[in-house]
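> pasting the sequence and the predicted coordinates here, then a few questions.
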Amino acid sequence: MICQAAGALQVTSPPFNASQAAAGRLVYARACGICHGSNLQGGAAVALAGSAFAKTWGDGRHQGMDFFDAIAKQMPKNAPGSLSAADNLALTAFILDSNGYAVGAEPLTLAGLAGALPVSPQAPAAAVSAASSGPPAVFPQPPPTVLPASGSAPQDAQLLHVPDADWLTYNRTLAGDRYSPLAQINAGNAHRLQVKCIAQLGEMGSFETSPIVLDGQMFVTTAHKVLALDAATCAVRWSYNYVPVDPEHLPGNRGVALYAGRVFRGTTDGHLIALDALTGKLLWDARVADGALGYEITGAPVAFDGKVFTGDAGADTGIRGRIYAFDAATGALVWAFDIVPRPGDPAAATWGGSTDKGGGATWSSMAIDPVRGLLFVPTGNPAPDFNDASRGGDNLYTDSVVALDLATGKLSWFVQQVPHDMHDWDTAAAPALFSRGGLNVMAVASKNGLLYQYDRDSHQTLSQAPFTTRSNVEALPSAAGVHVCPGALGQYNGPAFSPLDGRVFVAAADRCNVLTRAEPHYVPGGVYFGGMFRMDPPALQSGWIKAFDALSGHEVWSVHRKDPVLAAVTPTAGGLLLTGDMGGSFLALDARDGRVLYEFATGGPVAAGISVYAVAGREYIAVPSGSSSRDAASATAAATLIVFSLQ
């Protein structure tokens, strides 16, 4: 516990004994180690020892019962509440013991957790005093130092007209259609694909990057690393490892933005950093939001018109999400837009009560219409999940796509896919912008399992069609639990558009959940749920890959996979559709009818963007494999980049 004595903080530990900690070690190995690491070092989930634990739990702001509840009610991630009370107490004792707390003679009990969790040996009591005094910090915070870049590419002209050989944004172009105009690898020769090179990136955990390629140099990310590779040989040219300075909560990253000689990425503790594209040197570091409150930046930024655009992730920790534009050269804030409106904003009336912990994350990436000067941003669920008692109304602007003025951040228009979300059905992935049949169209794939197509001029809905199993969708979470499809986890990536035949493609993770409702309990930086979700067992999970007509929304073909499909879909001018599944397969399908033309077992779940590019006239396909995220089939795979080409 923490108590005040003689003007100084005194630290004591909740009582636990050695035998209880030893029992907790066995529980940890059985239920936790696969995600958090065999030695609590982290992996698919956050570290539970050392400085990471100290930053999150050891600063005196949290109560001991909060820490126990986080374990007992939220873990294991896919089966929350499945451990006994004795196992959870033993697990808590083991984690405390592993972090250097004193072992006593008495076992840990619920009564012993009644006070504040003690300051960890890695977080001295002085830090608590400093953290609890003074005015609150103001965010974003500008970079303390700014260095110039040694290069200048790409510029706006290249982003407006991406060279056929390059892949310059998460979804290749500003419009985000993921279409590659390369055709050297095609439906007639895809069966001849072979592995050209492999790069082991040296990190376990979420691996959801979409490789960026410019002039034969590739940029990829893991949760903490940025690597520059030779795009033809996989040789590492430089590597940068970001060490979080604030607490991190859900380690993951979707990729980088490349602009004016700089590589931009978000961090697991809410920073936006700029690296030199030629050397990997840190040029500036802007602290965008408070990682201690659950803020992070997982999405791949987008850069254009002298600015880099990003947004907050972390809706499930009770953040208030925002979208930002920063000066690409200096990291200075240009503008910010509140996804969750502040008092005085007319949209605040759609929340009923308070919006100070309203969620509204941005998880993936964004799209840009440079002609209209608009930024299109997908937004996440309102908080708390599964319990709406404090947020009556539509909860604008969550579960939407908002169109913002590139220069000012002012709202131009929006469409909301799920008003008043009760199922955690984010609009998690960026839309695809394209023109077809005289119409300017925006395709959006929501976690509610519907593909929407909108007219970007009239803002009217052109069509909506299911792309995965939808059942019991009107049922609301209850204390007893309801079974709903789709579930709360799914749809990491969005739709893709091919101008060859005017089709929109989308993939899906067909995974249902049992949703329960409970009273929400807010702990700064902790999971802020008004209930829980429990996934169906792996044997009942599967996936879909589907093609739709770009205007009517009619389904053209459908392929069912035995494993969930979370990877992006990439159509090419060669008549291919490229993707991968959580069973580890990389797939090349015939875009006309969905026939599998080539399949390769990569050795780890594929949940990322598959990029197509050319070096010295030869076409390549980059496949990130080994995503060990909380919902992967394997939480022990390592981040691996596999590059394919023809024999």
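Structure received.
> ranges for the helices of the stretch 51-200 of the chain?
Ranges of helices within the stretch 51-200 of the chain are 51-57, 64-74, 85-98, 125-131, 156-160, based on DSSP state H, counting those that start in this stretch.
> partner strands of the helix or strand hosting residue 308, with direction?
For residue 308, the host element (DSSP states H and E) is strand 307-311. Strand 307-311 pairs in its sheet with strand 302-304 (antiparallel), strand 322-327 (antiparallel), by DSSP bridges.
> average pLDDT across the longest one?
Looking at strand 322-327 alone, the average pLDDT works out to 98.
> how distant is the strand holding residue 308 from the center of its chain?
Here strand 307-311 is found 16 Å from its chain centre; the criterion is CA atoms, centre = their mean, to the nearest Å.
> what's it in contact with?
Strand 307-311 has contacts (CB atoms under 8 Å, 6 or more residues apart in numbering) with 257, 259, 264, 266, 272, 274, 288, 297, 299, 301-303, 321-328, 334, 339, 361-362, 366, 375, 377, 406. C-beta here means a position set from N, CA and C on the backbone, and glycine is covered the same way.
> can you flag the weakest of the helices of the stretch 51-200 of the chain by average pLDDT?
If you rank the helices of the stretch 51-200 of the chain by mean pLDDT, helix 125-131 sits at the bottom with a mean of 37.
> return the strand holding residue 308 as PDB; C-alpha atoms alone will do.
Extracted as PDB, the C-alpha positions of strand 307-311 are listed here (Å, rounded to 0.1, in the frame of the first residue of the first chain):
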ATOM      1  CA  LYS A 307       1.300  17.700 -43.300                       C
ATOM      2  CA  VAL A 308       1.200  14.300 -41.700                       C
ATOM      3  CA  PHE A 309      -2.200  13.000 -40.500                       C
ATOM      4  CA  THR A 310      -2.800  10.600 -37.600                       C
ATOM      5  CA  GLY A 311      -5.200   9.900 -34.800                       C
END
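> residues of it that come out buried?
Under the neighbour-count criterion of 16 or more other CB atoms under 10 Å, strand 307-311 has 307-311 buried.
> can you check stretch 436-455 too?
Within stretch 436-455, the residues that count as buried by 16+ other CB under 10 Å are 436, 439-454.
> which residues does the lengthiest strand in the chain contact?
Using DSSP state E to define each element, the chain has its longest strand at strand 193-204. With contact meaning CB under 8 Å, 6+ apart, strand 193-204 is reached by 37, 43-44, 185, 207, 220, 222-225, 227, 229, 232-234, 236, 588, 598, 600, 620-621, 626, 628, 636-647.
> state the distance from the residue nearest to residue 227 when sequence neighbours are not counted to residue 603.
Sequence neighbours aside, residue 239 is the residue nearest to residue 227 in space, at 4.8 Å (criterion: CB to CB, 6 or more residues apart in numbering). For residue 239, the distance to residue 603 equals 22 Å [CB to CB, to the nearest Å].
> please apply the same query to residue 522.
From residue 522 across to residue 603, the span is 41 Å (CB to CB).
> what's the answer for residue 142, then?
Separation of residue 142 from residue 603 (CB to CB): 43 Å.
> quick one on the thing from earlier: ok, the residue nearest to residue 227 - contacts?
Residue 239 sits next to 225-228, 280 when contact means CB under 8 Å, 6+ apart.
> doesn't it fall inside a helix?
No - with DSSP: H, G, I helix; E, B strand; the rest coil as the criterion, residue 239 is located in strand rather than a helix.
> look up how far residue 222 lies from it.
Remark: distance between residue 239 and residue 222 (CB to CB) = 10 Å.
> do residue 335 as well
For residue 335, the distance to residue 222 equals 30 Å [CB to CB].
> and the strand or helix carrying residue 265, which strands flank it?
For residue 265, the enclosing helix or strand under DSSP H and E is strand 262-266. Here strand 262-266 is paired, per DSSP bridges, with strand 257-259 (antiparallel), strand 271-276 (antiparallel).
> circling back to that earlier point, quick one, which of the strands paired with strand 307-311 is nearest to residue 485?
Taking CB to CB, strand 322-327 is the member of these nearest to residue 485, at 30.3 Å.
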